[in-house]
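> Have a look at this prediction, sequence included:
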Amino acid sequence: MTGVILLLMLFAVPSLQAQAPQVTSAELSLQLSEVNALWFRSLDSLKNGDFEAGLRDLEDLNFKKLQLGLHNLSDYSHVLIREALKIREQGSSAYAKRLLEAAQKLSPDLPAVYFAAIAWHVKERDFDVYAITKALWKGCVLKLTSPSILISYVSKGLLLLLITGVFTSMSFIVFSFIYYYRAVFFYVKEKLPVEIPLLAVQVVGWILIAAVTLGLGIAWGLLLLGFFLIWHLDLSAKWILQSIFVFAAMLALLLIVLGITYSTHDAEYFHALSQLGDGEFSPRSIAVLQQQLRDHPEDSYAIFALGFIAQQNGLLEEALEAYSMLPRDFADWPRAQNNLANIYQHYYRQSGERSWYQKAEDAYDNAIRNTPKFFEGHYNYAQLYLLDNQSENAGDEIKKARALDYERYTLYSQYVKDGIMTIDAPLSTIGLIKRLSYQDFSKKGLVLAGAMWAGWSRFPDPWIFSIASAVLLLVSFMFGVRKKGQKARVQYCHMCGDPYLLKQPRKKKGQEETRKRDLFCLQCRYIFKKKTVVKPEKRAAKVKQIQLRQKMRALIVKLLSLCVPGSGQIYSGYPLKGTLIAGLFSLGAAYYLLRMVLHFGLEYPGSRGEHSWIALIFFGVLLVGTYLFNVYDISKLSPKNQ
């Protein structure tokens, strides 16, 4: 009999897990009729110049917002910011300030209200350093911890990084190889066991490069060029190449993260979660979350979100069921425990049954034990202690809550007398970021990463390229120049520019003479030595050939730099300077390219729209300034011999 019961329990578990909670089909709504009535009445009062009446309505509106379980009313606050600017222009600076304070009360987690306060201080020439610094800090922290804004910044930052990194890496590898290709093929020829003409080695080498590039993809062709360069770069240039290998080794991870973050822009489900993370929800977000839970009954985030909304709608049984279903490894389990404890506390207030008190106490303990710096947990626990006349314990919890967030404590404590006793906690930023690692978002990210990678490689999996790049990084540490002052085995003659092999290392005795001999090939040492049997006309012809070659290289360098900034410096033998120019120019160009193609924009702290004049000016100055410096520098630069 016991065995039968155990079997029934085992088979029952999956069905229970697959069964959707009541919040999936519950009638969840957002009753905004009273909120809207107060809102439009306050706007009419402000428009008619009755500022006191308008501010009173906004105070009532804030109370109604808290009753509905909303933490922020962002759209309303944005309107109030604009109204405050109009009122200030009309000469009512004091009322403008109070209106900004009302906007902050309506949306305490909205960064724009804090930046608007800074703007008011600046325009009024009220340089209260403490107030400005406090508002700036608060606004920046909120800006960088908002889930939607944070993910947007990560996505845009990765796009800029990838485009800049790819363009800079291509510039360095391609133009470094153009500079060193004769040395590369000459070194291969010298290492072959049989004597083969240099021209034949060059032809085979170029065919190999073309075959790899066309057969495997552009990325693999660049990786092959980087492999050839390992033995020929000096130490500083080799460091750049190793940095490129590191970037290439991380490319798969960067593409996947970009794919995940970029795919969330069009994901209504994640937008609904982000909105809830900001302490807001709408009828559309409720519909999206319920559909998600119907399709995926095990989705803990949708369960939590709908449980939170049900709690704000007074559907406590449905919320209780939803929170109780959440597993302990759920990212925001402490917040769920806090909200669950609030429901238990509510039942204890109504019934006075000690069992509800014990359940609430256990749930608050769970929440605070897992997240010690949890404002809502400490604040709500204090209310429970006060309800049980445990003033000492309540005082301890109040002190902790005030220390964590004094402004929020002041805001909520003034409404205790009106019946708002506890604070429910929405989803956290960290919890939402963890949601991106789940399989559904990972799959979307991998698909998008594969689509972006398809144009660069015949292999659909970017991890293969990253592993190959990591192998080349290890190879670069084992071969080629490894210490300062060491030279590559193949050098270009400082007279004619032909490659030659350094057969003997420098010796301590006669070191200066050996260094001079290392600068020239055997032919030039023979032709231009003081005592030589070479005819003068042959020497003159050689000099003209060298001069013509240098003039042609100088012309090519200028043309390259005009078309691709930084390439001329790399081709001239100045890789560090050229790479820096290429990187800065590509960063500015990438921003404007993305802005034109993808309506891309970087927001400065406090801006609401997609276009930031600060970003436009910064990247514009970077783009034009780098290009002009590149032109100036290349006009003064003397190419090294090749």
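Looks like it came in fine.

> who's in contact with Glu83?
Leu43, Leu46, Leu99 (CB atoms under 8 Å, 6 or more residues apart in numbering). C-betas here are computed from N, CA, C, even on glycine.

> Export these as JSON lines, with columns for distance to Thr133 and neighbour count.
Below are the contacts of Glu83 laid out as JSON lines (distance: CB to CB, whole Å; neighbours: other CB atoms under 10 Å):
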{"residue": "Leu43", "distance to Thr133": "32", "neighbour count": "17"}
{"residue": "Leu46", "distance to Thr133": "30", "neighbour count": "22"}
{"residue": "Leu99", "distance to Thr133": "22", "neighbour count": "27"}
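
> Select from those the entry with the lowest predicted confidence.
Among these, Leu46 carries the lowest pLDDT, at 86.

> close enough to count as contact, that one and Gly54?
Yes. Taking CB atoms under 8 Å as the definition, Leu46 is a contact partner of Gly54 at 4.1 Å.

> Which residue ranges of the stretch 301-450 of the chain form helices?
Counting by DSSP state H, counting those that start in this stretch, the stretch 301-450 of the chain has helices at residues 316-325, 333-351, 354-370, 375-387, 391-404, 406-413, 429-435, 439-453.

> Which other helices and strands does the fourth one contact?
For helix 375-387, the packing partners by 3 or more CB pairs under 8 Å, 6 or more residues apart in numbering; DSSP states H and E come out as helix 333-351, helix 354-370, helix 391-404, helix 406-413.

> how about a cut-off of 6 Å?
helix 333-351, helix 354-370, helix 391-404 (3 or more CB pairs under 6 Å, 6 or more residues apart in numbering; DSSP states H and E).

> Single out the most deeply packed of these.
Highest mean neighbour count of the helices and strands packed on helix 375-387: helix 333-351, a mean of 22 (counted as mean count of other CB atoms under 10 Å).

> any idea how far the strand or helix carrying Ile151 is from the chain center?
Ile151 is part of helix 147-191 when elements are defined by DSSP states H and E. Centre-to-centre, helix 147-191 and its host chain are 20 Å apart (CA atoms, centre = their mean, to the nearest Å).

> same deal with stretch 552-560?
Worked out by CA atoms, centre = their mean, stretch 552-560 lies 39 Å from the chain centre.

> Check the average confidence over it, would you?
74.

> Give me the residues contacting that stretch.
Outside of stretch 552-560, the residues within contact range by CB atoms under 6 Å, 6 or more residues apart in numbering are Ser567, Gly568, Tyr571, Ser572, Ile634, Pro639.

> pLDDT on stretch 464-474, on average?
Here the average pLDDT along stretch 464-474 is 95.

> Contacts for it next, please.
Under CB under 6 Å, 6+ apart, the answer for stretch 464-474 is Ala219, Phe227, Phe245, Ala248, Ala249, Leu251, Ala252, Ser457.

> Leu192: which of the residues you listed is nearest?
Phe227 (17.5 Å; CB to CB).

> Double-check that Trp231 belongs to a strand.
No. Under DSSP: H, G, I helix; E, B strand; the rest coil, Trp231 sits outside any strand and is assigned coil.

> Does it touch Met478 like I think?
No. The pair Trp231 / Met478 is not scored as a contact, 11.0 Å apart, by CB atoms under 6 Å.

> more neighbours, the two?
Trp231 (21 against 8; other CB atoms under 10 Å).

> neighbours around the closest residue to that one other than its chain neighbours, how many?
Nearest residue to Trp231 in three dimensions, chain neighbours excluded: Gly480, at 4.8 Å (CB to CB, 6 or more residues apart in numbering). Here the count is done by other CB under 10 Å, and Gly480 has 19 residues near it.

> Buried residues of stretch 570-583, list them for me.
Ile570, Tyr571, Ser572, Gly573, Tyr574, Pro575, Gly578, Thr579, Leu580, Ile581, Ala582, Gly583 (16 or more other CB atoms under 10 Å).

> Give me the contact list for stretch 361-371.
So stretch 361-371 is contacted by Pro334, Gln337, Asn338, Leu340, Ala341, Phe374, Gly377, Tyr381 (CB under 6 Å, 6+ apart).

> Kindly apply the preceding question to stretch 217-229 instead.
Under CB under 6 Å, 6+ apart, the answer for stretch 217-229 is Ile173, Ser176, Phe177, Val184, Val212, Thr213, Leu241, Trp456, Ser457, Arg458, Phe465, Leu472.

> how does it look with 8 Å?
Contacts for stretch 217-229 (CB under 8 Å, 6+ apart): 169-170, 173-174, 176-177, 180, 184, 208-209, 212-213, 241, 244-245, 248, 455-459, 465, 468-469, 472, 475.

> Tell me the buried residues in it?
Those would be Gly217, Ala219, Trp220, Gly221, Leu222, Leu223, Leu224, Leu225, Gly226, Phe227, Phe228, Leu229, for stretch 217-229 by 16+ other CB under 10 Å.

> residue ranges with poor pLDDT in the stretch 1-150 of the chain?
Counting by pLDDT under 70, the low-confidence segments of the stretch 1-150 of the chain come to 1-20.

> quick one: the helices in it?
Counting by DSSP H, counting those that start in this stretch, the helices of the stretch 1-150 of the chain are 2-18, 33-47, 51-67, 74-89, 93-106, 111-123, 129-145, 147-191.

> Need the ones you listed in CSV (columns: distance to Gly620).
Formatted as CSV, the helices of the stretch 1-150 of the chain follow (distance: least, CB to CB, whole Å):
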stretch, distance to Gly620
helix 2-18, 56
helix 33-47, 39
helix 51-67, 40
helix 74-89, 27
helix 93-106, 32
helix 111-123, 23
helix 129-145, 23
helix 147-191, 15
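
> how about these, which one is nearest Lys359?
helix 2-18 (21.2 Å).

> any low-confidence regions in this structure?
Residues of the chain that meet the cut-off, pLDDT under 70, sit at 1-20, 265-266, 485-489, 492-551, 553-554, 598-612, 638-642.

> per the record, what domains does it have?
33-145, 280-425, 536-636 (automatic domain parsing).

> so of the contacts of stretch 552-560, which ones are in helices?
Among the contacts of stretch 552-560, the residues falling in helices (DSSP state H) are Ser567, Gly568, Tyr571, Ser572, Ile634.

> so what's the third one up against?
I take that to be Tyr571. Phe175, Ile178, Tyr179, Ile556, Val557, Leu560, Gly578, Pro639.

> so which of those comes closest to Leu142?
Gly578 (41.4 Å).

> I'd assumed Leu584 was in contact with the closest one.
No. Here Gly578 lies out of contact with Leu584, judged by CB under 8 Å, at a distance of 11.2 Å.

> of the helices of the stretch 301-450 of the chain, which approaches Ala94 most closely?
That would be, of the helices of the stretch 301-450 of the chain and by CB to CB, helix 406-413, which comes in at 21.3 Å.

> Just the buried residues of that closest one, please?
So helix 406-413, judged by 16+ other CB under 10 Å, has buried residues Arg408, Tyr409, Leu411, Tyr412, Ser413.
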